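Chemist: The sequence and its predicted three-dimensional model are supplied below.
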Amino acid sequence: MMGAATLFTSSVQAAGDYDIDCKLILCLAGGFPAGCTDAWEHMVDRITSVPPKSPIGLCLMSDGTAYDNYDVDYGWLSATSPDAFSCPEGKQLHHEVRNEDRRTEVRAFCYTSSISYGAGDGGTTVYFGKSAPDRHTLRTHIVVEPGTDAAYSPGWQQWDTGVQYGGGVVTVITY
């Protein structure tokens, strides 16, 4: 009997060390720094569950009340949108979408400069300094303590979750 009570108390204390949804709020606002892998995985599990859930669940404060003074928005980025790719500073994004036979092909790469020869359909463009862009599948925005002097938002952030959304067959070709 005493062993069961001790086990229960230990489990409650371990679970009470932090609330994963509270950690998720902090990690999302901080851009998922080191030490936030579990919060990241929790968020991805929530938004990819069937049916999908909000990225953040219930965050309970130490007094047992729910912390809900934050606004969160998110959306999936399709490879057919240039917003799904980014290039390092000093490079531009080339993003082109072709639809053929119920297939969508996306060609994306970063480049430093280009030269175009000819005009119209017979013209050619040569790209210099090509490299692969970063691919993003999820876009998030959080505001902690909105409407107060303590309000904080890192702005819109983009992430690669490893999960592809967008329907249909999409082939992504990068440099």
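Modeler: Arrived safely, thanks for sending. Numbers count the residues shown, from 1 in each chain.

Chemist: part of a helix, is residue 146?
Modeler: No: under DSSP: H, G, I helix; E, B strand; the rest coil, residue 146 sits outside any helix and is assigned coil.

Chemist: Residue 72 is in contact with that one, correct?
Modeler: No: using C-beta atoms under 8 Å as the test, residue 146 is too far from residue 72 to be in contact (10.3 Å). (C-beta placed from N, C-alpha, C; glycine too.)

Chemist: So those two - more neighbours on which side?
Modeler: Remark: of residue 146 and residue 72, residue 72 carries more neighbours, 17 against 13, as counted by other C-beta atoms under 10 Å.

Chemist: Bridge partners for the more buried one, pull those for me.
Modeler: Legend: beta-bridge partners of residue 72 under DSSP bridges are residue 142.

Chemist: how near is it to residue 121?
Modeler: Relative to residue 121, residue 72 is positioned 46 Å away (C-beta to C-beta, to the nearest Å).

Chemist: likewise residue 148?
Modeler: Plainly put, residue 148 is 57 Å away from residue 121 if you go by C-beta to C-beta.

Chemist: These two: which is more packed in?
Modeler: Comparing residue 148 with residue 121 by neighbour count (other C-beta under 10 Å), the higher total belongs to residue 148, at 9 against 5.

Chemist: check contacts around that one.
Modeler: Counting by C-beta atoms under 8 Å, 6 or more residues apart in numbering, residue 148 touches residue 69.

Chemist: list the buried ones in stretch 155-162?
Modeler: Going by neighbour count (16 or more other C-beta atoms under 10 Å), the buried part of stretch 155-162 is 157-159, 161.

Chemist: With stretch 130-141 instead?
Modeler: 133, 135-140.

Chemist: Same question for stretch 71-83.
Modeler: Neighbour count says stretch 71-83 has 72, 74, 76-80, 82 buried, by 16+ other C-beta under 10 Å.

Chemist: from the chain's centre, how far out does that stretch sit?
Modeler: Distance, stretch centre to chain centre, for stretch 71-83: 8 Å (C-alpha atoms, centre = their mean, to the nearest Å).

Chemist: Then stretch 19-29?
Modeler: Centre-to-centre, stretch 19-29 and its host chain are 15 Å apart (C-alpha atoms, centre = their mean).
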